[in-house]
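Trainee: Quick one, structure for this:
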Amino acid sequence: LEGIDPRDVLAKIVFYDPAALKGLELPKEGKFPFRETNFGVAVKKAKEVLGWQPSHTFAGDIAAYYADYCRLGKDQGPVKRAWDEAVMSAAMSTA
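Mentor: Predicted coordinates for the structure are as follows:
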């Protein structure tokens, strides 16, 4: 994005330790609004240790994820953000 300083973007990112959320009452809705499935975020170790190569790419799968998002009606109305807001509030209160 032209004209946006990356430092300004990074200053808005909230990092949190999932262990710090243990015992907190968090909303059940609103987690990962674009995915209905569990997912991993890094495959580096599987590639290095097992020689594994992914058979899917985000670019190749995004259309299917979006179609499922729409099929579930999640494109109707506001995105549920209660979980995100609760986690951010908890993270910022312990910072």
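
Trainee: low-scoring stretches of this protein, by residue?
Mentor: 1, 30-41, 94-95 (pLDDT under 70).

Trainee: can you map out the helices along it?
Mentor: Along the chain, the segments classed as helices by DSSP state H run 6-11, 44-50, 58-71, 82-94.

Trainee: Now mean neighbour count and distance to residue 18 too, for these, in JSON lines please.
Mentor: Yep, even glycine has a C-beta here, placed from its N, CA and C like the rest. Formatted as JSON lines, those follow (neighbours: other CB atoms under 10 Å; distance: least, CB to CB, whole Å):
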{"stretch": "helix 6-11", "mean neighbour count": "8", "distance to residue 18": "21"}
{"stretch": "helix 44-50", "mean neighbour count": "10", "distance to residue 18": "19"}
{"stretch": "helix 58-71", "mean neighbour count": "11", "distance to residue 18": "23"}
{"stretch": "helix 82-94", "mean neighbour count": "14", "distance to residue 18": "9"}
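
Trainee: Those helices: which one's closest to residue 26?
Mentor: helix 82-94 (5.0 Å; CB to CB).

Trainee: Name the surrounding residues that touch the closest one.
Mentor: With contacts defined as CB atoms under 8 Å, 6 or more residues apart in numbering, helix 82-94 is touched by 14, 15, 16, 20, 21, 24, 26, 27, 28, 29, 30, 31.
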